[in-house]
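> sequence and computational prediction follow.
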Amino acid sequence: DTAVSQTPKYLVTQMGNDKSIKCEQNLGHDTMYWYKQDSKKFLKIMFSYNNKELIINETVPNRFSPKSPDKAHLNLHINSLELGDSAVYFCASSQDVSNQPQHFGDGTRLSIL
Amino acid sequence: EDQVTQSPEALRLQEGESSSLNCSYTVSGLRGLFWYRQDPGKGPEFLFTLYSAGEEKEKERLKATLTKKESFLHITAPKPEDSATYLCAVQGSNDYKLSFGAGTTVTVRA
């Protein structure tokens, strides 16, 4: 069973479109995250939810909006996609917010044409 | 702001040739230092958590150590399947986010 799963795995779309990425974890964790990995492979935190409450909100354009319908799901909606949004987006989860290892999905590769 | 610097950027090893990767960090109160392995096209896979200076963790050919300023990941007698990018991350006491280094890409030749 996949612990942290993301869909879709690949997303190719035009500039200006709106798209969503879905994430689900079956580990029973309380905390979920979205990361962006750029072309230089640098992983940077975007958002984190703990028990459906937003606890980390880094300097991210407000075109990016996370939504957590329940503890097992954290989705990412992106409006008005721009060329610079091309990257790999990773979802992760951990038991709680502090000291706990995060478990990652395999990423969604977003390409903007 | 927490900072993590990993060196070298890339490491090419012959099978059986042991080596070490470095992770230097600055953080306000360390909650934990984490090592991950990332294979191409995959998400980071958790390896170790270290919480305090002097702590060591081992898993197969990998051993992680921690001081107050840096951590080392030692790879003993590596095999080609140890080829991957190794990421280091810290969590400080100011907030709950993980700050990652840029990684060290290890290639082990048979």
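Everything's here; your move.
> does the residue of chain B found nearest chain A count as helix, strand or coil?
For chain B and chain A, the shortest gap (C-beta to the nearest C-beta) falls at residue B:43, measuring 3.4 Å. Heads up, the C-betas are built off the backbone N, CA and C, glycines and all. At residue B:43, secondary structure determined by DSSP: H, G, I helix; E, B strand; the rest coil is coil.
> swap in residue B:81?
Following three-state DSSP, we place residue B:81 in the helix state.
> that one - nearest residue in space that isn't next to it in sequence?
residue B:108 (7.9 Å; C-beta to C-beta, 6 or more residues apart in numbering or on different chains).
> count of neighbours near the nearest residue to the residue of chain B closest to chain A once chain neighbours are set aside?
The shortest distance from residue B:43 to any non-neighbouring residue, by C-beta to C-beta, 6+ apart, is to residue A:104 (3.4 Å). Neighbours of residue A:104 under the rule other C-beta atoms under 10 Å in any protein chain shown: 23.
> and residue A:104, how far from residue A:80?
For residue A:104, the distance to residue A:80 equals 27 Å [C-beta to C-beta, to the nearest Å].
> do residue B:25 as well
From residue B:25 across to residue A:80, the span is 36 Å (C-beta to C-beta).
> wait, the residue nearest to residue B:81 touches residue B:76, no?
No: between residue B:108 and residue B:76 there is no contact under C-beta atoms under 8 Å: 12.0 Å.
> out of these two, which sits in the busier spot?
Set residue B:108 next to residue B:76 and count neighbours by other C-beta under 10 Å: residue B:108 wins out with 21 against 15.
> for the more buried one, helix, strand, or coil?
Of the three states, residue B:108 takes strand under three-state DSSP.
> gap between it and residue A:70?
42 Å.
> try residue B:73
Between residue B:73 and residue A:70 the computed distance is 36 Å (C-beta to C-beta).
> and residue B:44, by the same measure?
Look at residue B:44 and residue A:70: by C-beta to C-beta, they are 24 Å apart.
> who has more neighbours, those two?
residue B:44 (30 against 9).
> leaving out sequence neighbours, find the closest residue to residue B:50.
residue B:66 is the one closest to residue B:50 (C-beta to C-beta, 6+ apart), at 4.0 Å.
> I'd guessed that neighbour sits against residue B:52; true?
Yes: Residue B:66 lies in contact with residue B:52 (C-beta under 8 Å); the separation is 7.1 Å.
> which one is residue B:53 nearest to, not counting chain neighbours?
residue B:68 (4.8 Å).
> name the SS class of that neighbour, please.
Quick answer, by three-state DSSP: residue B:68 is coil.
> now do the strands in chain A.
A:4-7, A:10-13, A:19-25, A:31-37, A:43-50, A:53-57, A:64-70, A:73-78, A:87-94, A:103-104, A:108-112 (DSSP state E).
> residue B:59: which of these is closest?
strand A:103-104 (16.0 Å; C-beta to C-beta).
> where does the chain have low pLDDT?
Reading this off chain A. A:1 (pLDDT under 70).
> next, name the residue at the spatial heart of it.
residue A:34 (3.1 Å; C-alpha atoms, centre = their mean).
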